[in-house]
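Engineer: Next one to model:
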Amino acid sequence: MSGGPLLTADGRVVGVNTLVRPELRALGNYALSSDTARAAAEEIAARCVPSGCDVAAGAVLLLYNDGVNRREAVEAALVAAGLSQAQATEAMLGAHTKGRGVVRSWSAAKEPGWAEEAEEMMAALAAADLLVEVEAIFGGDG
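Structural biologist: Modelled structure (predicted):
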């Protein structure tokens with residue numbers, strides 16, 4: 001899950017919350033300084049050419065280990081979102097053993113409507129209290 005701006009008491013932006021873990025109540029959050037965030041935004045903007053920006057070749061939906069949800073609950077939420085039991089177990093074990101597991105990937109070239117499907121699946125899993133994120137894939141053939 002991502003947050004928003006990191007503000008001082010007087011409202012000045014000093015950073016960007018990039019990972020917010022609600023169950024830790026601000027103890028496990030991660031933020032980038034506003035200078036680092038600005039440099040990243042400029043690097044992304046530099047990829048844009050007169051004909052447009054790099055277009056995502058697809059996306060991957062990632063599940064993060066949260067240390068709170070039990071295996072059965074995670075697998076049930078993944079199955080309810082459309083994964084087979086085997087796929088759910090594989091994604092859950094990836095998150096448990098490596099910190100993050102791949103729930104599903106999409107290829108822009110092969111799956112029209114992939115972005116909406118990825119966002120919908122992410123929203124459904126987030127509503128089940130799972131820590132998930134969609135990451136765009138650039139380059140290659142998705």
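Engineer: as a whole number, average confidence for stretch 68-83?
Structural biologist: Across stretch 68-83, the average pLDDT comes to 93.
Engineer: before we move on, what about stretch 15-25?
Structural biologist: When pLDDT is averaged along stretch 15-25, the result is 67.
Engineer: same deal with stretch 120-139?
Structural biologist: Computed over stretch 120-139, the average pLDDT equals 89.
Engineer: Need the CA coordinates for it. CSV is fine.
Structural biologist: In CSV, the C-alpha atoms belonging to stretch 120-139 read as follows (Å, rounded to 0.1, in the frame of the first residue of the first chain):
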residue,chain,number,x,y,z
GLU,A,120,-9.8,-4.6,-10.0
MET,A,121,-8.0,-7.7,-8.7
MET,A,122,-5.7,-5.5,-6.5
ALA,A,123,-8.7,-3.7,-5.1
ALA,A,124,-10.5,-6.9,-4.3
LEU,A,125,-7.4,-8.3,-2.5
ALA,A,126,-6.8,-5.0,-0.7
ALA,A,127,-10.5,-5.1,0.5
ALA,A,128,-9.6,-8.5,2.0
ASP,A,129,-6.9,-6.8,4.0
LEU,A,130,-4.0,-8.2,1.9
LEU,A,131,-1.0,-6.0,1.2
VAL,A,132,-0.9,-6.0,-2.6
GLU,A,133,0.5,-3.7,-5.4
VAL,A,134,0.4,-3.6,-9.2
GLU,A,135,3.8,-3.0,-10.8
ALA,A,136,4.0,-2.0,-14.4
ILE,A,137,6.4,-3.9,-16.7
PHE,A,138,8.3,-1.8,-19.2
GLY,A,139,10.2,-3.1,-22.2
